[in-house]
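Novice: I would like to see how this sequence folds:
(chains A, B, C and D)
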Number of protein chains: 2
Amino acid sequence: MRAIATIRDVAQAAGVSPSTVSNLLNAREHLMQPETRRRVLEAMESLSYRPNRVARQLRGAPNPTLGLIVPSVANPFWGSWAAHLEAAFHAHGRQIYLCNTERDPERERAYVEQLWADGIEHIVLSTSLPSLDHLRPAMDAGVQIIAFDREHQETDPPELLNVSIDNEAGAWMATQHLIEQGHRRIAFVSGAMRTISRQRRFAGYVRALAENGIPLDEALVPSSSDLGDADSGPLARAAVHAVLTLDDPPTAVVAVNDMVALSASATLRDAGRDVAEFAVVGFDDTPIGSLISPALTTVRQPLREMAEAVVRLTVDGAGVGEPRSSLVFPPTLVVRASTERRIA
Amino acid sequence: MRAIATIRDVAQAAGVSPSTVSNLLNAREHLMQPETRRRVLEAMESLSYRPNRVARQLRGAPNPTLGLIVPSVANPFWGSWAAHLEAAFHAHGRQIYLCNTERDPERERAYVEQLWADGIEHIVLSTSLPSLDHLRPAMDAGVQIIAFDREHQETDPPELLNVSIDNEAGAWMATQHLIEQGHRRIAFVSGAMRTISRQRRFAGYVRALAENGIPLDEALVPSSSDLGDADSGPLARAAVHAVLTLDDPPTAVVAVNDMVALSASATLRDAGRDVAEFAVVGFDDTPIGSLISPALTTVRQPLREMAEAVVRLTVDGAGVGEPRSSLVFPPTLVVRASTERRIA
DNA sequence: TTGAAAGCGCTAACAT
DNA sequence: ATGTTAGCGCTTTCAA
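Specialist: Below you'll find the model as predicted:
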């Protein structure tokens, strides 16, 4: 660890005072002779000087990086979301630290605290928890939290911002589509519905059934402790398997996300069923959905638009200070081959 | 931004000096009366005091977070790698900031600088660049860089650590397997081979052909400016399409990674070919490979073991200071249905 | 056992 | 146009 040059070293090398160097660093070059400026820049260069951001932060300069906390980086949906947000922020010269919680509330809390400690002002959080009490200290300290994929709740802190799709509507579309294709026995595969968004998706499924006079059959909603991400394949498979071995098995599945949909199809295949005879709808519109066979019908989240909304809320500061800003985007149904076949 | 309690506020509330509070914060409780200790803790509690990590860092406490820089979070391979590393670090009570470069050298440099500025000591970097000159300033300042998926190069700085698989061997296995299945016309689809690891994979492909007396046909190695990640599907598809329309088309493809393999299969399907007649081998063993149909034959990287190696190099500090530590792991071929069919 | 004081690297108000 | 100075919140000698 070679000694690092400080602002004083630069000042000394350039024969000026630290304040002059500081002025140059803080875009106050106008109050400086060109010649002085040159000397200082030269000194910086030759010492490969970098301002110590920790010291700057201690003086009150915010860390411009955005914190992004997701439940599972291994799930391609969250990877896509991170990539979209990265692109939108990069266009504004901003960077992102991505944090992975594995749906562990304790890790979620710890990441919020670490980002807070690092002086980060804005955190986009896809939380697994219905309550946000654990965010109180950071929010009180002025950290702006934007909840992603979590529609506004009555008990939320008033400073919380929300960016989400209408999950209920999305699941309704998926289910309605299957019903229009002639399906009556439709399973909903999700696993533990701890998150608000999953509860909303389930509500949309229930409403579509109700509107079409189809009774809700609990047996078609297998519950397991946790599934939905890349490595929870075994759980999704167990759930689908349970449903397949029913006396009166379903003819279609609404999956809580694309990864579960993939697992569902794989399970069908392994069970020797003809996938073409079974309709599957995913959720999220992961890029993979269009690459597999049969291509996956799914509910699309407009990630680009949502990423731009986050930019507006953070970089541009829109919505901040207003009583509450809750942005709900419309999902769209992307129909592909996996729901092609109509049934009687 | 409500006012935050400082160590002085706590000291005042407890009727002691800041040093006493500091002693308590730094596990020096022994030099303190139980009664004093109690009063201080009470004051902390009632003021919901949190030590300012920025101030602590300025005093020299390192930021315990690990920086992880990847080329594309949208590519499930990198998501898997991040998840494995997260798990390994979490087991040691450590956290990770994940950064996405989209293979943009400038973004890569900027993230290294930001992490450095945030006081982070260890960075695991999957670089797109053959040269590492842009890392010099950070490395000189003592930031430990661990290159992932980039075998050691002659010109690398001596402090650099490497964790990688033997990419040449992996691609050799993939190609050799296809040859054993009777294939002679084997395409290699990769896109721009800017990274060391891709060059090594290509070398393995070339060696396998040579060892089996099969001449290298440039036409079977379509090059396009960039592909290999989640959104570069169109480029991969163009490359595969080019190869398919040859007078003497290939019967098999070695893809530079699983996403390209998926795109290749999709292209075949769209072109009306029977996928079962065409062999495809991927690279990386993404979880998706086993979910699709036909399941994908691929080259597995032992991510868990590699993550543990990174823990040893960073948390435990192994290998640091030694002239050079370059860990090369063996890949394994995972044979699945996509290369099932033997040909004459 | 506790407190006083100096300083980490930087900024900005206030001199000059 | 440039320099002097007083901190930001914390840790750590050193002194009491």
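
Novice: going by C-alpha atoms from here, please, whenever you check contacts or count neighbours.
Specialist: OK.

Novice: next up, phi/psi of the residue nearest to residue A:164 when sequence neighbours are not counted, please.
Specialist: Spatial nearest neighbour of residue A:164, chain neighbours left out: residue A:149 (4.4 Å); criterion: CA to CA, 6 or more residues apart in numbering or on different chains. Main-chain dihedrals, residue A:149, degrees, to the nearest 10: phi 60, psi 40.

Novice: I'd say residue A:149 and residue A:168 touch.
Specialist: No - at 11.7 Å, residue A:149 does not count as touching residue A:168 under the criterion of CA atoms under 8 Å.

Novice: low-confidence ranges in the stretch 1-150 of chain A?
Specialist: A:1-3 (pLDDT under 70).

Novice: recalculate using a threshold of 50.
Specialist: A:1 (pLDDT under 50).

Novice: quick one, strands of it?
Specialist: Here the stretch 1-150 of chain A has its strands, by DSSP state E, counting those that start in this stretch, at A:63-70, A:96-100, A:120-125, A:144-148.

Novice: export those strands to TSV and tack on mean neighbour count and distance to residue A:107?
Specialist: Below are those laid out as TSV (neighbours: other CA atoms under 10 Å in any protein chain shown; distance: least, CA to CA, whole Å):
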stretch	mean neighbour count	distance to residue A:107
strand A:63-70	22	10
strand A:96-100	25	8
strand A:120-125	23	12
strand A:144-148	22	16
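
Novice: take those strands and write them to a markdown table, including distance to DNA strand D.
Specialist: Shown next, in a markdown table, are the strands of the stretch 1-150 of chain A (distance: least, CA to the nearest atom of the strand, whole Å):
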| stretch | distance to DNA strand D |
| --- | --- |
| strand A:63-70 | 15 |
| strand A:96-100 | 24 |
| strand A:120-125 | 15 |
| strand A:144-148 | 19 |
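
Novice: out of the ones you listed, which gets nearest to chain B?
Specialist: Nearest to chain B among those is strand A:96-100 (4.7 Å), distances taken as CA to the nearest CA.

Novice: any idea how far the closest one is from the chain center?
Specialist: 10 Å (CA atoms, centre = their mean, to the nearest Å).

Novice: and what of stretch A:203-222?
Specialist: 28 Å.

Novice: ok, residues contacting that stretch?
Specialist: For stretch A:203-222, contacts defined as CA atoms under 8 Å, 6 or more residues apart in numbering or on different chains pick out A:167-176, A:179, A:184-191, A:239-240, A:242-243, A:250.

Novice: ok, stretch A:5-12 next?
Specialist: Residues from elsewhere that reach stretch A:5-12, judged by CA under 8 Å, 6+ apart: A:17-18, A:20-22, A:40, A:43-44, A:47-52.

Novice: what subset of the residues you listed is buried?
Specialist: A:18, A:20, A:21, A:22, A:40, A:43, A:44, A:49, A:50, A:52 (16 or more other CA atoms under 10 Å in any protein chain shown).

Novice: which of those come close to DNA strand C?
Specialist: Filtering these for neighbours of DNA strand C using CA under 7 Å from any atom of the strand leaves A:18, A:22, A:50, A:52.

Novice: tell me how many other residues surround residue A:136.
Specialist: 12 (other CA atoms under 10 Å in any protein chain shown).

Novice: on that earlier part again, any idea which of the contacts of stretch A:5-12 is closest to chain B?
Specialist: residue A:52 (6.2 Å).

Novice: what sits closest to that closest one if chain neighbours are left out?
Specialist: Closest to residue A:52 by CA to CA, 6+ apart is residue B:117, at 6.2 Å.

Novice: what's near enough to touch the one you found?
Specialist: Going by CA under 8 Å, 6+ apart, residue B:117 touches A:52, A:53, A:54.

Novice: again, but for residue A:77
Specialist: Shown in contact with residue A:77 (CA under 8 Å, 6+ apart): A:284, A:285, A:286, B:74.

Novice: for DNA strand D, what's its nearest residue on the stretch 151-300 of chain A.
Specialist: DNA strand D sits closest to residue A:159 of the stretch 151-300 of chain A, with a gap of 22.5 Å, by CA to the nearest atom of the strand.

Novice: give me the number of residues near that residue?
Specialist: Residues lying near residue A:159 (other CA under 10 Å) number 20.

Novice: the one 10 residues further on too?
Specialist: Residues near residue A:169, counting by other CA under 10 Å, number 21.

Novice: grab the nearest non-local neighbour of residue A:23.
Specialist: Per CA to CA, 6+ apart, closest to residue A:23 is residue A:29, 6.4 Å.

Novice: next one: residue A:24
Specialist: Leaving aside its sequence neighbours, residue A:24 sits nearest to residue A:37 (CA to CA, 6+ apart; 7.3 Å).

Novice: surely that neighbour meets residue A:27?
Specialist: No - Residue A:37 lies out of contact with residue A:27 (CA under 8 Å); the separation is 11.5 Å.

Novice: out of those two, which sits in the busier spot?
Specialist: residue A:37 (20 against 9).

Novice: contact partners for the closest residue to DNA strand C within the stretch 101-250 of chain A?
Specialist: Closest approach between the stretch 101-250 of chain A and DNA strand C, counting by CA to the nearest atom of the strand: residue A:119, at 13.8 Å. Applying CA under 8 Å, 6+ apart, we find residue A:119 in contact with A:57, A:62, A:63, B:54.

Novice: go again with 6 Å.
Specialist: A:62, A:63 (CA atoms under 6 Å, 6 or more residues apart in numbering or on different chains).

Novice: next: residue A:137.
Specialist: For residue A:137, the contact set (CA under 6 Å, 6+ apart) is empty.

Novice: next: residue A:261.
Specialist: The contact partners of residue A:261, by CA under 6 Å, 6+ apart, come to A:255, A:282.

Novice: element containing it?
Specialist: helix A:258-270 (DSSP states H and E).

Novice: before we move on, the earlier item: adding distance to residue B:92, write the buried ones among the contacts of stretch A:5-12 out as JSON lines.
Specialist: Putting the buried ones among the contacts of stretch A:5-12 into JSON lines (distance: CA to CA, whole Å) gives the following:
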{"residue": "A:18", "distance to residue B:92": "41"}
{"residue": "A:20", "distance to residue B:92": "45"}
{"residue": "A:21", "distance to residue B:92": "41"}
{"residue": "A:22", "distance to residue B:92": "40"}
{"residue": "A:40", "distance to residue B:92": "44"}
{"residue": "A:43", "distance to residue B:92": "42"}
{"residue": "A:44", "distance to residue B:92": "39"}
{"residue": "A:49", "distance to residue B:92": "34"}
{"residue": "A:50", "distance to residue B:92": "31"}
{"residue": "A:52", "distance to residue B:92": "28"}
